[in-house]
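>>> structural data only, the sequence is not supplied:
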């Protein structure tokens with residue numbers, strides 16, 4: 001294939017990317033009420049008024065509408081604030097709160113600088129991961145481990161990272177279908193580098 005034949009393909013992909021980025025920009029420029037209308041239009045809160053009220057409060061507390069997407073986050077932490085086993089244990093306890101009556105049993109041990117994390121639903125379903133306790137950034141494989149565990153336990157929801165604007169890491173907890181719908185509707189940016197590219 002000639003190079004010239006690839007140009008239209010490259011251009012159309014780039015155009016699609018920017019159209020989706022502009023969707024979020026255009027929506028947030030319309031203000032908080034319009035953003036909330038979009039969120040409610042796909043029943044993001046699953047008809048749970050408690051979740052909806054939490055989103056509304058977070059939206060109202062957001063001083064810069066460019067960052068309204070963070071109102072959807074249910075889990076957030078400093079990605080560089082992981083110094084010991086207790087930091088991972090705290091995150092796991094927060095995750096368990098989100099799982100409500102389907103909590104996992106959590107055990108985190110420090111064995112000579114190696115963190116051994118064990119999650120159990122029952123005696124037969126045991127999930128383990130070893131993480132070196134280097135101090136600093138969260139292990140790259142930690143949230144992947146959480147999502148694999150939840151999938152194996154039959155959860156339709158997964159944790160999806162929101163585009164970062166600093167070293168804070170924020171996640172939503174959603175089905176893949178609803179997550180993609182939110183991107184299509186423009187109230188979640190598709191590109192993980194969105195905030196760094198639009199400063």
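Structure's in. What do you need? The model shown is predicted, which means the values in this text are computed figures rather than measured ones.

>>> going by C-alpha atoms from here, please, whenever you check contacts or count neighbours.
OK.

>>> need the three-state assignment for residue 108.
Three-state call for residue 108 (DSSP: H, G, I helix; E, B strand; the rest coil): strand.

>>> please parse the chain into its domains.
Domain assignment for the chain, taken from automatic domain parsing, gives 3-73+183-197, 77-152.

>>> can you lay out these as CSV showing mean pLDDT, distance to residue 168 and mean neighbour count?
CSV is the format used below for the domains of the chain (pLDDT from 0 to 100; distance: least, C-alpha to C-alpha, whole Å; neighbours: other C-alpha atoms under 10 Å):
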stretch, mean pLDDT, distance to residue 168, mean neighbour count
domain 3-73+183-197, 82, 11, 15
domain 77-152, 88, 4, 15
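
>>> any chance of those in CSV, with distance to residue 170 too?
Listed next are the domains of the chain as CSV, based on distance: least, C-alpha to C-alpha, whole Å:
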stretch, distance to residue 170
domain 3-73+183-197, 6
domain 77-152, 7
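
>>> out of the ones you listed, which gets nearest to residue 161?
Residue 161 lies closest to domain 3-73+183-197 among the domains of the chain, at 8.2 Å (C-alpha to C-alpha).

>>> any idea how far residue 43 is from residue 50?
Using C-alpha to C-alpha, to the nearest Å, residue 43 is found at 13 Å from residue 50.

>>> residue 102 too?
Here the criterion is C-alpha to C-alpha. By it, residue 102 lies 19 Å from residue 50.

>>> what's the answer for residue 103, then?
20 Å.

>>> about what we covered before: which one, of the domains of the chain, ends up nearest to residue 162?
With respect to residue 162, and counting by C-alpha to C-alpha, the nearest of these is domain 3-73+183-197 at 7.0 Å.

>>> give me the distance between the closest one and the centre of its chain.
On the basis of C-alpha atoms, centre = their mean, to the nearest Å, domain 3-73+183-197 sits 13 Å off its chain's mean C-alpha point.
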